[in-house]
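> quick check, what structure comes out for this input:
(one chain, ligands or ions: 1)
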Amino acid sequence: MIGVDGLTKHYRTRVAVDDVSFTVHPGRVTGFLGPNGSGKTTTMRCVLGLTRPTAGTATVLGVPYRDLDVPMRRVGALVDPRARHPGRTAHAHLTALAQSNRLPAYRVDEVVDLVGLGAVAHERVRGFSLGMAQRLGIAVALLGDPEVLLLDEPVNGLDPEGIRWVRGLLRGLADEGRTVLVSSHLMSEMEDTADHLVVLGRGRLLADVAMADLLGRHASVRVRSPRLPLLGAALQRAGAGVSLEADGALRVEGLDPAAVGDVAFAAGVPVHELSPVLASLEAAYLELTGDDVEYRAGVA
Ligand SMILES: Nc1ncnc2c1ncn2[C@@H]1O[C@H](COP(=O)(O)OP(=O)(O)OP(=O)(O)O)[C@@H](O)[C@H]1O
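Prediction:
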């Protein structure tokens, strides 16, 4: 469990995180989303005791991170995959961490195998690709076999096979009852991985919502009929938003498929197709964050 309560962080005049509260529960993967600069990393750093909040609190398993005894056994984190000793081998890096955190040496070989770094474990980290560095960062996070995991952009730099592997790993960790908070910019990846979403925009909380609810809220219905104008008018009278698709079908928003069918029946209009259309996470996300994007392409 991760608890963030009234969390606020100011950097001089910039408000990086603005009175944000949410709880990350165990047993599910919680996706942490938001445009660039929306405060995700700052929030994670506050949870990990790396950044001191201006106001509010962040706790892990009910206590501030600094109060945890042997934190690596309780919380695993991937925040900056490049932040490790470049002259060391991956194995030596993990061994040093295991020793300083009183973790068993056999755990090093376990996590090396788990993240698929067996072939390069004795090579220097300096020569690692971003994908290999990410895998090593994930190995560090898993070293203490922790109950809580915070991973900032873990699929950054990974190839499709690596991305699939991370997805399976996160699912497995959540299924074991662990708390998993993971940030990503890849909407399609989040859609396949996360059960729950916490969304930030300009440092504020925009949504704390189950993935299925968010997608359901933005779902629509496709309907075809030989008497389209009549059906469109009846649906609008029922309060639906109606638009014409390129192929001549109607796109109906604000009513579920059963309600659309009932409106058609009551209007005496034949229906030739009636299908629910699930929103993509990308569309739902853009709608949520539309006004809160701080850095747009082409804008300084
Ligand atoms: N050490 C710092 N000093 C000054 N400003 C900072 C510092 N760290 C972050 N910020 C600012 O705080 C805001 C939030 O940044 P943060 O890195 O938390 O966002 P983010 O959502 O993780 O972004 P990204 O997706 O780009 O990593 C940004 O405007 C950033 O410029």
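
> drop to CA atoms for contacts and neighbour counts, all remaining ones
OK.

> Gly144 against Met72, yeah?
Yes. In this structure, Gly144 is within contact of Met72 by Cα atoms under 8 Å, at 5.1 Å.

> Provide a list of residues in contact with Gln99.
Ala105 (Cα atoms under 8 Å, 6 or more residues apart in numbering).

> ok, which stretches of the stretch 51-200 of the chain are helices?
71-74, 90-100, 106-114, 130-142, 160-175, 187-193 (DSSP state H, counting those that start in this stretch).

> let's see whichever strand or helix holds Leu274 as PDB, backbone CA atoms only.
Taking DSSP states H and E as the definition, one finds Leu274 inside strand 273-277. Output of strand 273-277 as PDB, limited to C-alpha atoms (Å, rounded to 0.1, in the frame of the first residue of the first chain):
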ATOM      1  CA  GLU A 273     -26.200  -3.000 -36.700                       C
ATOM      2  CA  LEU A 274     -25.800  -2.200 -33.000                       C
ATOM      3  CA  SER A 275     -22.400  -2.600 -31.600                       C
ATOM      4  CA  PRO A 276     -20.600  -1.200 -28.500                       C
ATOM      5  CA  VAL A 277     -17.300   0.600 -29.200                       C
END
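
> if I look at Arg227, how far off is the ligand?
48 Å (Cα to the nearest ligand atom, to the nearest Å).

> dihedrals phi and psi, the closest residue to that residue other than its chain neighbours?
Distance criterion Cα to Cα, 6 or more residues apart in numbering; nearest residue to Arg227, sequence neighbours excluded, is Val269 at 6.5 Å. Backbone geometry at Val269, expressed as degrees, to the nearest 10, gives phi -100, psi 130.

> give me the distance between Val269 and Leu235.
11 Å (Cα to Cα, to the nearest Å).

> give me the more crowded residue out of the two.
Leu235 (24 against 17; other Cα atoms under 10 Å).

> which residues sit in contact with that one?
Contacts of Leu235 by Cα under 8 Å, 6+ apart are 241-242, 252, 260, 263-264.

> how about the residue located most distally from the centre of the chain, what does it touch?
Residue farthest from the centre of the chain, counting by Cα atoms, centre = their mean, is Gly268 at 45.2 Å. For Gly268, the contact set (Cα under 8 Å, 6+ apart) is empty.
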